[in-house]
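Peer 1: Compute the structure for the input listed below.
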Amino acid sequence: MTTHEPIDAASDREVAGISPADTLTPAERYQELFVAVQMGRVFEDSKTFVDCEPKRHPERILADYRDQSGRPGFDLAAFVQRNFDRFSMAPSDFVADPDASLIEHIDSLWPVLTREPRRHPPRSSLLPLPYRYVVPGGRFTELYYWDSYFTMLGLDASGECELLRAMADNFAYLIDTYGHVPNGNRTYYLGRSQPPVFALMTDLFDLRGIHRATDYLPQLHKEYAYWMDGAAELRPGECYRRCVCLADGAVLNRYWDDRDTPREESYREDVHTAEESDRPAREVYRDLRAGAESGWDFSSRWLADPHRLSTIRTTAIVPTDLNALLYKLETQIARLSAVKGHDACAKRFAEKAERRRQAIDRYLWCDEHGAYFDYDWALGQPRDNLTAATVVPLYVNLASAAQATRIADTVRYRLLAPGGLSTTEVAGSGEQWDRPNGWAPLQWMAIRGFERYGHRDLSREIEHRWLTIVAELYRHEGKLVEKYVLRPTVEHAAGGEYPLQDGFGWTNGVTRQLLAEDPAHAAGRCRAACSRHEDSRGRQR
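Peer 2: Sure, this is the predicted structure:
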């Protein structure tokens, strides 16, 4: 078995054998050509162009566009076709085995979703990585941050130790190189991260003997510095980047993006959304980007009007899940520092974690409704929309036993659906992170969170309902997908900016781990009614 040491800032490029990345984004590189392509809808999916590979030097392409675009009869689509290749991976010969069980099918998908870093297209938006990595599938052909933690659960269950080790060191590399884990390894994602789950990853690495969790203390400190940048200088009522100082001086966190322009991968959509708002466009763009950092892109959770995306106000909201995960990061640094004998650091971070826990109780816990709710710091009041984020404090062991019991009752009454845990109570918003859709990471955190606090009946009920609905779609269509409609009928989830994606990394990961821990569940023996052919993106045809 091949092993390698965790890489650090001083040695990453030497160990990995890769050159420093060109971090220009497509919008920066192609300027008015970029705007023309995206607004002219040359491609149906806005993400297609930002992932394209230039066939020659971008400066020459842009110069030729400037020279030719004003001429009579200029054909923009033909110009793009002459000068760019769509980003694609080598085709796969994978054919789903019609006799494979759901477990066998997931195990067979890992090679289909694995990418080798040996060829990173020059001057494309793809950021180089030193080791192999697993992508979600479908239109998502790069590494994603919080997706990967849930995918890793399945790699662990499938015994893919080497691939898990490679993923671990890719994340260490990203933190050392950029100071944070970007949303994904694309230049246009560098302005934001995603829910900070690296501390959760280090527990998995340690548990499975991939690397000692203490090996990653430098990266944990760096990620913490990224999220807490500017916190020390804030006074009550002030905010800076991802930090908000509340009325009593407590500092909690919000989602953010360093840019206030349309997301390049959704440029046309963001421009149209901003046009529907009466706020300055740059504020809408920032909130859309912050919503993308949350991973919940998009949801009524972030909206003033739950049915109008143009009312998004993500940066005005202090989210439950983000602050629970930062509590985990603080406790992880404290624990690992103590193991290393760094007692002063351990004490300091334990105190930080305790201050955050107390602030979460003051601002995010609602005793009347028995759940955690996000807090609108701009309005100085709690949000009134219950979401599945209320289970994340249980997953990271932040809640008290009494709070866990209240949450269990609330979830059972208000969020439990035939197919598992509902994302929110809002239906008909048109957004994908709302009812009736359900998502694998939320199911996993609820199942394990309730189990941690002894609510095993509810934990098992959510697990059974989720596995049953995943297995039913697999039986009918021979595939796993990004999200599910949590109803007893087989139907495709909708909502959001793009069609339902097949693949799919975190669904595979959570389902595989649940079936490994519950091998007697009937879902593990489920077989597809017919075979499906999959391409290299993890899509079944």
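Peer 1: any idea how far stretch 355-368 is from the chain center?
Peer 2: With Cα atoms, centre = their mean, to the nearest Å as the basis, stretch 355-368 stands 25 Å off its chain's centre.
Peer 1: got a list of what the closest residue to Cys245 other than its chain neighbours touches?
Peer 2: Nearest residue to Cys245, sequence neighbours excluded (Cβ to Cβ, 6 or more residues apart in numbering): Leu234, at 3.7 Å. C-beta here means a position set from N, CA and C on the backbone, and glycine is covered the same way. Going by Cβ atoms under 8 Å, 6 or more residues apart in numbering, Leu234 touches Tyr240, Cys243, Val244, Cys245, Val251.
Peer 1: okay, the third one: pLDDT?
Peer 2: Model confidence at Val244, given as pLDDT, is 98.
Peer 1: what about the residue of the chain positioned farthest from its centre, distance to Ala344?
Peer 2: The C-alpha centroid of the chain is most remote from Pro72, which lies 44.8 Å away (Cα atoms, centre = their mean). For Pro72, the distance to Ala344 equals 73 Å [Cβ to Cβ, to the nearest Å].
Peer 1: ditto for Ser337
Peer 2: Taken as Cβ to Cβ, the span from Ser337 to Ala344 is 8 Å.
Peer 1: Comparing these two, which shows the higher neighbour count?
Peer 2: Using other Cβ atoms under 10 Å as the criterion, Ser337 and Ala344 rank with Ser337 on top: 22 against 8.
Peer 1: Tell me which residues touch that one, please.
Peer 2: Per Cβ under 8 Å, 6+ apart, neighbours of Ser337: Leu217, Asp343, Cys345, Ala346, Phe349.
Peer 1: what's the closest of these to Arg383?
Peer 2: Distance to Arg383 across the contacts of Ser337 (Cβ to Cβ) is lowest for Phe349, with 28.6 Å.
Peer 1: residues near that closest one, how many?
Peer 2: Count around Phe349 with other Cβ under 10 Å applied: 24.
Peer 1: Can you tell me the element it falls in?
Peer 2: Using DSSP states H and E, Phe349 falls within helix 343-363.
Peer 1: Can you name the helix or strand that Tyr498 falls in?
Peer 2: Using DSSP H and E, no helix or strand contains Tyr498.
Peer 1: Report the contact partners of it.
Peer 2: Asp45, Lys47, Arg139.
Peer 1: Separate out the buried members of these.
Peer 2: Taking 16 or more other Cβ atoms under 10 Å as the criterion, what is buried in the contacts of Tyr498 is Lys47, Arg139.
Peer 1: was I right about Tyr434 contacting Thr387?
Peer 2: If you look again at residue 434, you'll see it is Asp, not Tyr. No. Using Cβ atoms under 8 Å, Asp434 makes no contact with Thr387, being 9.1 Å away.
Peer 1: Report the set of residues contacting both of these two.
Peer 2: Joint contacts of Asp434 and Thr387 (Cβ under 8 Å, 6+ apart) are Ser299, Thr423, Thr424.
Peer 1: hang on, the last one packs against Asn385?
Peer 2: Yes. With the criterion set as Cβ under 8 Å, Thr424 and Asn385 qualify as a contacting pair; they are 6.2 Å apart.
Peer 1: Compare those two and say which is more crowded by neighbours.
Peer 2: More neighbours surround Thr424 than the other of Thr424 and Asn385, with 22 against 17 (other Cβ under 10 Å).
Peer 1: Who is that one paired with across the strands?
Peer 2: Counting by DSSP bridges, Thr424 is bridged to Thr387.
Peer 1: Compute the distance between it and Ala516, please.
Peer 2: Distance check for Thr424 against Ala516: by Cβ to Cβ, it reads 30 Å.
Peer 1: again with Ala493
Peer 2: Remark: distance between Ala493 and Ala516 (Cβ to Cβ) = 25 Å.
Peer 1: Between the two, which is the more surrounded one?
Peer 2: Taking neighbours as other Cβ under 10 Å, Ala493 and Ala516 compare with Ala493 leading, 20 against 16.
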